[in-house]
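J.: Quick one, fold the following:
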Amino acid sequence: MRAPRFFRSCIVLILAAFPAQAREPTDTLTIRTLQISDHPGQEAPSIYVSGQIVTALRFEKEIEPSKTKLLAWEGRFKAPLVGSQKVVLEPLRNLDAGEALPLLVTLIDGTEFMFLVKPRSREEWGWTDYQVNVFKDPNSYDAVLSSLHDALKRERKLSAENERFKVEENSIDHAYATLLANGQVKQTPFHREVFYRPKNEDMDMVVEVFSGPGKAAVLIHLTNTDYGGPWTFDGAYLTRDFTHRTARPFALRMNRTHIIPGQSGKLAVVVDKTAFEMEGQLVDLALQIFRGDGQLQVAVAMDHTLVRK
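T.: As a prediction, the model looks like this:
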């Protein structure tokens, strides 16, 4: 069965309209604790920032504004805000890879801290610092309390991940996604409706869209042709209007999350009919795949008619 002309056109328009869109950073905004030692060999800690996202550093004691400076901030940041026990940074744009701006913070008692302000890492573990609590005395009340909060947050995250893994083990959608990612399409109930090869200068891509009984699926083939290094997977979102407010659930499987130049990989997504249901009716959705630098790699329209009764 051929896809309707309108549906095929929607895919082309979406793929062409959002080539440089950056993903929403809310899921990687981090509050963390830095405990600075007196060891003379300690390297300057890194602070990770993203364009137009505010990063606050909070200290145990009052700061001396006249002796607190972010070097070469002009043209890159709004004027840093320094007062009380806080330094607030707001980049005008994402810093270039490799940029590292020195930040000197001096407390009123003369204690000095040196940091390197860097762009969010492109690796999977990368994050943007939303708030950094800086302590020199690890035994102070605030330092112990902040470390306790960090430990509790890590424990909650691990518990949530373990619960998610348990659910996925018994999920038919994740089983179908695994089969698709492993090239076993014939072992699934899906029928291919659309085959498309979007243009990209450093990544050869093929997009396949499938319909199914009460479900829909997308299979994306990626070949790293000239990315300048390993391609990494950064995130996937299924939404009604490209915002987190309308995010919908789905099952995802990849046969590899890092793709070196010359290497290929597959990413499969399976979506249940319930994800298309909003306010009593079926709506169209859009799948967005983001790469390691936070930029949109590919977007695919998922028409509600893909869900066969």
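J.: What are the phi and psi values at G183?
T.: Torsion angles at G183 (phi, psi; degrees, to the nearest 10) stand at phi 80, psi 20.
J.: residue contacts, it?
T.: Each residue near G183 by Cβ atoms under 8 Å, 6 or more residues apart in numbering is listed here: K266. The C-beta positions use only the backbone N, C-alpha and C, and glycine is treated the same way.
J.: make it 10 Å
T.: Contacts for G183 (Cβ atoms under 10 Å, 6 or more residues apart in numbering) come out as L219, H221, N255, K266, A268.
J.: Need the pLDDT of the residue sitting furthest away from the middle of the chain.
T.: No residue in the chain sits farther from the centre than D109, which is 39.4 Å out by Cα atoms, centre = their mean. In this model, D109 is scored at 92, pLDDT.
J.: Wait, Q297 touches I220, no?
T.: Yes - between Q297 and I220 a contact is recorded at 8.7 Å, counting by Cβ atoms under 10 Å.
J.: and for the two, which residues touch both?
T.: Joint contacts of Q297 and I220 (Cβ under 10 Å, 6+ apart) are P198, M205, A236, L267, I289.
J.: and which of those is nearest F135?
T.: Taking Cβ to Cβ as the measure, F135 lies nearest A236 of those, at 36.6 Å.
J.: And the closest one, how close does it get to A251?
T.: Taking Cβ to Cβ, to the nearest Å as the measure, A236 falls 11 Å from A251.
J.: So the two - more neighbours on which side?
T.: A251 (21 against 18; other Cβ atoms under 10 Å).
J.: With the flanking residues excluded, which residue is spatially nearest to that one?
T.: What sits nearest to A251 in space, not counting adjacent residues and going by Cβ to Cβ, 6 or more residues apart in numbering, is D173, at 3.6 Å.
J.: and if you look at V209?
T.: Of all residues not flanking V209 in the chain, V194 sits nearest, at 4.0 Å (Cβ to Cβ, 6+ apart).
J.: for R256, same thing?
T.: Leaving aside its sequence neighbours, R256 sits nearest to G265 (Cβ to Cβ, 6+ apart; 4.3 Å).
J.: Whichever strand or helix holds that neighbour pairs with which strands, parallel or anti?
T.: Following DSSP states H and E, the helix or strand that holds G265 is strand 264-272. Its sheet considered, strand 264-272 pairs with strand 215-224 (antiparallel), strand 251-254 (antiparallel) by DSSP bridges.
J.: can I assume T68 is in contact with M114?
T.: No - taking contacts as Cβ under 10 Å, T68 lies outside contact range of M114: 11.2 Å.
J.: overlap in contacts of the two?
T.: Residues touching both T68 and M114 (Cβ under 10 Å, 6+ apart) are L103, L104, V105.
J.: Just give me the closest of those to T243.
T.: Of all those, L103 has the smallest distance to T243: 32.4 Å, by Cβ to Cβ.
J.: Count the residues that sit near the closest one.
T.: Other residues close to L103 by other Cβ under 10 Å number 22.
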